[in-house]
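In: Fold the following for me, if possible:
(one chain, ligands or ions: 1)
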Amino acid sequence: MARYGAEQVFPYYLLGTLLFKGAIMPDPRHQHPLLSIENLSHSTVNAEIFTSLSLHVRRGESVVLCGPSGTGKTTLLTCVLGLTRPDTGHIYVAGKNITDMSSRQLALYRRKHVGMVFQFGELLPELSPPENVALAALLAGVDRKTAYDSAERLLSELGVPLGQTPTAYLSGGERQRTAVARALITNPPLLLADEPTGALDRNTRDSVADLIFELPRKQNCALLVVTHDESLARRADRRFDLVAGRLIGAKP
Ligand SMILES: Nc1ncnc2c1ncn2[C@@H]1O[C@H](COP(=O)(O)OP(=O)(O)OP(=O)(O)O)[C@@H](O)[C@H]1O
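Out: Just a heads-up that it's a prediction; the model follows:
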């Protein structure tokens, strides 16, 4: 049986300890992408929206998609959500080809693998923040107690007041934090956001942006954000512009 001396084992022990303590984080660029968009083309009855578009996002990294109005940024997000079927090309999430999935499989995929933050939160205004957030977990099959406990923990961490006040009465920032909590409650590996700070004033926008852009590192998820906001785009690890149906990389 082979024997290993301390001098042979120690470097591996040290590396393992450093990795465990988070002193050396694996570089996201060396991982397989969580989201792979490959040669995607899509058109409406009137026009071609994008052609042969490819984009990869890894766990732990943030990518921002900018570009003029009407170039298809939201349409691309709806393709990744499985709400729009592209004409050609494939989208893989965690190795699964979502462009081949049935409607039933897509509904399950959305509940378990994707969190989405919309510009106006898209919460149910009559429900309280814990109810809005817990609902996403209940729909994903989580039991009632766990869903409510997790919703309250997440909301507290994100600084949203608990209680029974309907979300309609909360401030814009509190509503958007609730929307982030709802996107995170199922612990999705992929987080999408469409103009997540577009409806907020400057101060609130900065604090919600801070919150969103620290999620890839904190939750080890992949983040894809669509925005017109240059200050938001600067926070991303990588930034692309969608212009005339093509992706142009502005930040490596
Ligand atoms: N279901 C649809 N049927 C017909 N045309 C559509 C449909 N959905 C989107 N479009 C068109 O596709 C184009 C891209 O729209 P999209 O909303 O994706 O652009 P965008 O880049 O997100 O714009 P903005 O920055 O203004 O939000 C637009 O011209 C839009 O009118």
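In: Check which residues of the helix or strand where Leu108 lies are buried.
Out: Per DSSP states H and E: Leu108 is located in helix 103-113. The neighbour-count check on helix 103-113 (16 or more other C-beta atoms under 10 Å) flags Leu106, Tyr109, Arg110, His113 as buried. Bear in mind the C-beta positions are built from the backbone N, C-alpha and C, glycine included.
In: Verify the stated contact: the last one with Leu192.
Out: If I follow you right, that is His113. No - between His113 and Leu192 there is no contact, the gap being 10.7 Å when judged by C-beta atoms under 8 Å.
In: follow-up on the earlier one: and the helix holding Leu108, what does it pack onto?
Out: Helices and strands touching helix 103-113, as assessed by 3 or more C-beta pairs under 8 Å, 6 or more residues apart in numbering; DSSP states H and E, are absent.
In: Would you tell me what the next helix or strand after it is?
Out: strand 114-117.
In: which residues sit against that following strand?
Out: Identification of contacts with strand 114-117 by C-beta atoms under 8 Å, 6 or more residues apart in numbering yields 77, 80-81, 93, 176, 179-180, 182-186, 188, 190-194, 196, 212, 221.
In: Out of these, list just those in strands.
Out: Among those, the members falling in strands (DSSP state E) are Val93, Leu190, Leu191, Leu192, Ala193, Asp194.
In: For Gly115, which non-adjacent residue is closest in space?
Out: Nearest residue to Gly115 in three dimensions, chain neighbours excluded: Ala183, at 3.1 Å (C-beta to C-beta, 6 or more residues apart in numbering).
In: how many other residues sit next to the one you found?
Out: Applying other C-beta atoms under 10 Å, we find 24 residues neighbouring Ala183.
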